[in-house]
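In: model the following, please.
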Amino acid sequence: MSALQAEATPSLAWTDNLVLNQPELDHTHQEFVELLNRYGDALDRGEDALPAFRELLAHTEAHFAMEERWMAATGFEPQNCHSSQHAMVLNVMREVVRYADELGDREPLSIVRQELVQWFPSHAEMMDAALVYTMQQRGYDPATGTSQVPVQTPDGAQGAAGCGSTSCGH
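Out: Reported below is the predicted structural model:
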């Protein structure tokens, strides 16, 4: 591999910009970055990156499920843009595995890498930051699943609209 190829290889560094000051989520995000880079390293070495990608997918499924539980507990609407992004990312990742397994096509493994590297920081800095903010506003403790400010029923208008962020337009 030439020096130019090495420089062009997308990877994601764990930086202070990704820290949301929610320990469980920060740890999960750091693991995501490590797994994404491990899968990328396998691609760079010309190895079969599918096992590392499957590990990233399993982690991402658990990661998003955790966030979905927190959104539900803090009153996010069931059909919100944060959840929609999760569903889209998981659908793409699952299709990459399907292509590799059923069609023997490994090219999507390389393509999705760059997409995830580009997508994740903005998702964390906007969508996940809005979730953490909502959790803080409600006094939500993910360890106990309790909130200091209870979420009211949908007709009580206490839930978080959209994604909890003013940037999503809901």
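
In: in the helix or strand hosting residue 89, what counts as buried?
Out: Element membership of residue 89 [criterion: DSSP states H and E] is helix 81-98. By neighbour count on 16 or more other CB atoms under 10 Å, the buried set for helix 81-98 is 81, 82, 83, 85, 86, 89, 93, 96. For the C-beta atoms, the positions are set from N, CA and C on the backbone; glycine is no exception.

In: per-residue confidence for residue 87?
Out: According to the prediction, residue 87 has pLDDT 97.

In: re the thing from before, what packs against the helix holding residue 89?
Out: Applying 3 or more CB pairs under 8 Å, 6 or more residues apart in numbering; DSSP states H and E, one finds that helix 81-98 makes contact with helix 50-73, helix 107-122.

In: so which of these comes closest to residue 19?
Out: Residue 19 sits nearest to helix 107-122 of all those, at 11.7 Å, using CB to CB.

In: that closest one versus helix 81-98: what angle between them?
Out: Counting by axes from the mean of the first three to the mean of the last three CA atoms, to 10 degrees, helix 107-122 lies at 160 degrees to helix 81-98.

In: could you pull up the mean pLDDT of helix 107-122?
Out: Helix 107-122 shows a mean pLDDT of 96.

In: what about the chain, any weak spots by pLDDT?
Out: 1-9, 152-170 (pLDDT under 70).

In: sorry, back to before: format the helices and strands packed on helix 81-98 as CSV; extra columns: mean neighbour count.
Out: Formatted as CSV, these follow (neighbours: other CB atoms under 10 Å):
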stretch, mean neighbour count
helix 50-73, 17
helix 107-122, 16
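
In: how about these, which one is nearest residue 150?
Out: helix 50-73 (10.3 Å).

In: and the closest one with helix 107-122, angle?
Out: 40 degrees.

In: CA-only coordinates of helix 50-73 in CSV, if you can.
Out: Taking C-alpha atoms only, helix 50-73 is exported to CSV below (Å, rounded to 0.1, in the frame of the first residue of the first chain):
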residue,chain,number,x,y,z
LEU,A,50,-16.8,-9.6,7.2
PRO,A,51,-16.2,-11.0,10.7
ALA,A,52,-15.1,-7.6,12.0
PHE,A,53,-18.1,-6.0,10.3
ARG,A,54,-20.4,-8.6,11.8
GLU,A,55,-19.0,-7.7,15.2
LEU,A,56,-19.6,-4.0,14.5
LEU,A,57,-23.2,-4.7,13.4
ALA,A,58,-23.9,-6.7,16.6
HIS,A,59,-22.5,-3.9,18.7
THR,A,60,-24.5,-1.3,16.7
GLU,A,61,-27.7,-3.2,17.2
ALA,A,62,-27.2,-3.3,21.0
HIS,A,63,-26.0,0.4,21.0
PHE,A,64,-29.1,1.6,19.1
ALA,A,65,-31.4,-0.6,21.2
MET,A,66,-30.0,1.1,24.4
GLU,A,67,-30.6,4.5,22.9
GLU,A,68,-34.1,3.5,21.8
ARG,A,69,-35.0,2.4,25.4
TRP,A,70,-33.7,5.8,26.7
MET,A,71,-35.8,7.6,24.1
ALA,A,72,-38.9,5.7,25.0
ALA,A,73,-38.3,6.3,28.7
